[in-house]
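1. below: sequence and its predicted model.
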Amino acid sequence: SQTIHQWPATLVQPVGSPLSLECTVEGTSNPNLYWYRQAAGRGLQLLFYSVGIGQISSEVPQNLSASRPQDRQFILSSKKLLLSDSGFYLCAWMGGRVDHEQFFGPGTRLTVL
Amino acid sequence: AQKITQTQPGMFVQEKEAVTLDCTYDTSDPSYGLFWYKQPSSGEMIFLIYQGSYDQQNATEGRYSLNFQKARKSANLVISASQLGDSAMYFCAMREKSDNFNKFYFGSGTKLNVKP
């Protein structure tokens, strides 16, 4: 069965520090991968998506970047965090028993101070 | 324009009663999909139910049903016989193809509180 991992689970970082969040998927190959951010009490905002290694599309301009160095690895990064980068970050992949269903990872809660 | 609109920030329902969570959507893609997810306080996103744009029947999954009104672009979630464990945030989402890629858009959510 397919599994999606995210780490770390929680992170507290100072403003201006770098960021690296990792997402890995098991049990599938060539998945479509997504990064979302959820601000407190809000819905999910699509940040990046990827159809394959090295192929990244950005949905909104921002302080973040994404990379896909391996088929089942998706990384979210920043060189200098802003206060507004705080939120809950969810990685997802598409597939499953329901046509075009998304499966989500457990998420990373990021607090920028 | 908003792709997904959920107009109820919060809802209360008595245990064992039914509740309807509203969702409207906007898309020009003729082949789209509609989803409902539950997010408890732990943060995980739990898939509940799916409706394809060409599906003739309303989707049902146990106590969940989706009231799909295509002409109105409405996809309301109905939870029957509410349980205390149903208290959570509920998100409506839509999948559409854009630039030959499946993108997902989420509403702002409805916080459901089930009262004993």
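-> Ah, there it is.
2. from here on, just use CA atoms for contacts and neighbour counts.
-> Fine.
3. and the residue nearest to the spatial centre of chain A, what element?
-> Taking CA atoms, centre = their mean, the centroid of chain A lies closest to residue A:35, which sits 3.2 Å from it. Assigned by DSSP states H and E, residue A:35 falls within strand A:33-38.
4. paired strands for the helix or strand just after that strand, with orientation please.
-> Next along the chain after strand A:33-38, taking DSSP H and E as the criterion, comes strand A:44-52. Note on strand A:44-52: by DSSP bridges, its sheet partners are strand A:33-38 (antiparallel), strand A:55-58 (antiparallel).
5. adding distance to residue A:27 and mean pLDDT, write the ones you listed out as a markdown table.
-> Shown next, in a markdown table, are the strands paired with strand A:44-52 (distance: least, CA to CA, whole Å; pLDDT from 0 to 100):
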| stretch | distance to residue A:27 | mean pLDDT |
| --- | --- | --- |
| strand A:33-38 | 14 | 94 |
| strand A:55-58 | 21 | 90 |
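6. any idea which of these is most buried?
-> The highest mean neighbour count among the strands paired with strand A:44-52, using mean count of other CA atoms under 10 Å in any protein chain shown, belongs to strand A:33-38: a mean of 23.
7. and stretch B:47-54, anywhere near chain A?
-> Yes: counting by CA under 8 Å from any CA of the partner chain, contacts between stretch B:47-54 and chain A involve B:47, B:50.
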